[in-house]
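Peer 1: Here's a sequence, model it:
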Amino acid sequence: RLIKLLWRYIKRHDLQTEANRNVIACDEKLKKVFGRETVTSFGMSKLIGKHISPTTPKAVPAGKSSVDNYRGTPELAAFCGEETNNRFTITKHLWAHIKKHGLQDPANKKRIIFDDTLQALFGVGEATAFGLAKLVSATSSPPDLKSTT
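Peer 2: Predicted coordinates for the structure are as follows:
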């Protein structure tokens, strides 16, 4: 969004050079931001990075996988038979349940019609195979990153 606003400002004030439209001739305001007379459109992002701090910390610490343990709801843990498990394990248990009880729509195998057990877990009557992953993510939360360091 910030880049779009900058480009709007650049175009409104006609700051692109005629010889090369990728080069921006900085006016006084942009000189304060970039500390240069000119900047390229590609280099602008790098220079803006100095003024922006990330809004969220890195979600995955070094050496950890994004599929590391997630803590599900107590109901989900009871369903899987494990207190803490990763999303892969949760999904594995769900698919075993779906196959065991024949919950896939015979006409469209991507559609899963939930039984009472799955309806109680997720609060919906059906989902697609892709939607099942979203439901698992919505009912799981990542582990406390502070406790892993």
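Peer 1: C-alpha from now on. contacts and neighbour counts both.
Peer 2: OK.
Peer 1: Pretty sure Val23 sits against Gly43.
Peer 2: No: taking C-alpha atoms under 8 Å as the definition, Val23 is not a contact partner of Gly43, at 9.5 Å.
Peer 1: Between these two, which is the more surrounded one?
Peer 2: Set Val23 next to Gly43 and count neighbours by other C-alpha atoms under 10 Å: Val23 wins out with 18 against 12.
Peer 1: Contact partners for that one?
Peer 2: By C-alpha atoms under 8 Å, 6 or more residues apart in numbering, Val23 lies in contact with Gln16, Thr17, Thr38, Val39, Thr40, Ser41.
Peer 1: Quickly name whichever of those residues is closest to Phe79.
Peer 2: For the contacts of Val23, the closest approach to Phe79 (C-alpha to C-alpha) belongs to Ser41, at 53.1 Å.
Peer 1: how much space between that closest one and Trp7?
Peer 2: Noted for Ser41: a distance of 9 Å to Trp7, by C-alpha to C-alpha, to the nearest Å.
Peer 1: Ok, Phe114 next?
Peer 2: 49 Å.
Peer 1: Tell me which of these two has more neighbours.
Peer 2: Just comparing Phe114 and Trp7: by other C-alpha under 10 Å the higher neighbour count belongs to Phe114, 21 against 15.
Peer 1: Looks like that one contacts Thr128 (just checking).
Peer 2: No: at 10.4 Å, Phe114 and Thr128 do not qualify as touching, with contact defined as C-alpha under 8 Å.
Peer 1: any chance of the contacts of Val23 in TSV, plus pLDDT, secondary structure and distance to Ala138?
Peer 2: Output for those, formatted as TSV (pLDDT from 0 to 100; DSSP: H, G, I helix; E, B strand; the rest coil; distance: C-alpha to C-alpha, whole Å):
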residue	pLDDT	secondary structure	distance to Ala138
Gln16	90	strand	46
Thr17	88	coil	49
Thr38	90	strand	46
Val39	89	strand	43
Thr40	88	strand	42
Ser41	80	helix	39
